[in-house]
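Novice: Turn this into a structure:
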Amino acid sequence: MALAFNSIENREIKDKTLKKLSENILHIAEILDRIRNPLTVVAGYLEFIPEESFRKKAFEQVERINIYLKQLDLDWINSERIFKDFKKSP
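Specialist: Numbers count the residues shown, from 1 in each chain. Below is the predicted model of the structure:
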C-alpha cells in the first residue's frame, strides 16, 4: 500500500515538474522573440545614424546582445531535449 501511494505521489510530482518545465520552455521562447524583434528594429535605425563611431559602438552592443540570445537559444534547445527525455521516463 505504501509503495502504491509513493508511486502515485511520485507521478504527481513528475506531472507537476513536466508542466512547469513546459511552461518555462514556452516562456523562454517568447522572451527571446520579444527581445530579438525590437533589437532588429534598433539595429535598423542605427543604419541612419550619421556618426560612424557612435553607430559602430552601438552595433557592437547589438552584437553582444545577439551572442547572449544565441546562448539562450542553445539553453532553450537543451531544455526541450531534457523535457522530452524526462517525459519518456517511467
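
Novice: Let's check: the centremost residue of this structure is which one?
Specialist: With distances taken as C-alpha atoms, centre = their mean, the residue of the chain nearest its centroid is I28 (3.2 Å).

Novice: Isn't it up against L72?
Specialist: Yes: counting by C-beta atoms under 8 Å, L72 is a contact partner of I28 at 6.7 Å. Any C-beta I mention is one placed from the backbone N, CA and C, and that applies to glycine too.

Novice: Whichever helix or strand V62 is part of: how far from the chain's middle?
Specialist: Taking DSSP states H and E as the criterion, V62 maps to helix 52-88. Chain-centre distance of helix 52-88: 8 Å, with C-alpha atoms, centre = their mean, to the nearest Å.

Novice: before we move on, what about stretch 29-48?
Specialist: For stretch 29-48, the separation from the chain centroid amounts to 16 Å (computed by C-alpha atoms, centre = their mean).

Novice: Next, the buried residues of it.
Specialist: Buried residues in stretch 29-48, counted by 16 or more other C-beta atoms under 10 Å: L46.

Novice: Residues contacting that stretch, please?
Specialist: Stretch 29-48 is contacted from outside by 55, 58-59, 62, 65-66, 69, 72-73, 76, using C-beta atoms under 8 Å, 6 or more residues apart in numbering.

Novice: what do you get if the cut-off is 10 Å, keeping everything else the same?
Specialist: Residues from elsewhere that reach stretch 29-48 (C-beta atoms under 10 Å, 6 or more residues apart in numbering): 54-59, 61-63, 65-66, 68-70, 72-73, 76, 79-80.

Novice: Can you turn the buried part of those residues into a PyMOL selection?
Specialist: Selection of buried members from the contacts of stretch 29-48 for PyMOL, criterion 16+ other C-beta under 10 Å:
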select buried, resi 58+69+72+76+79
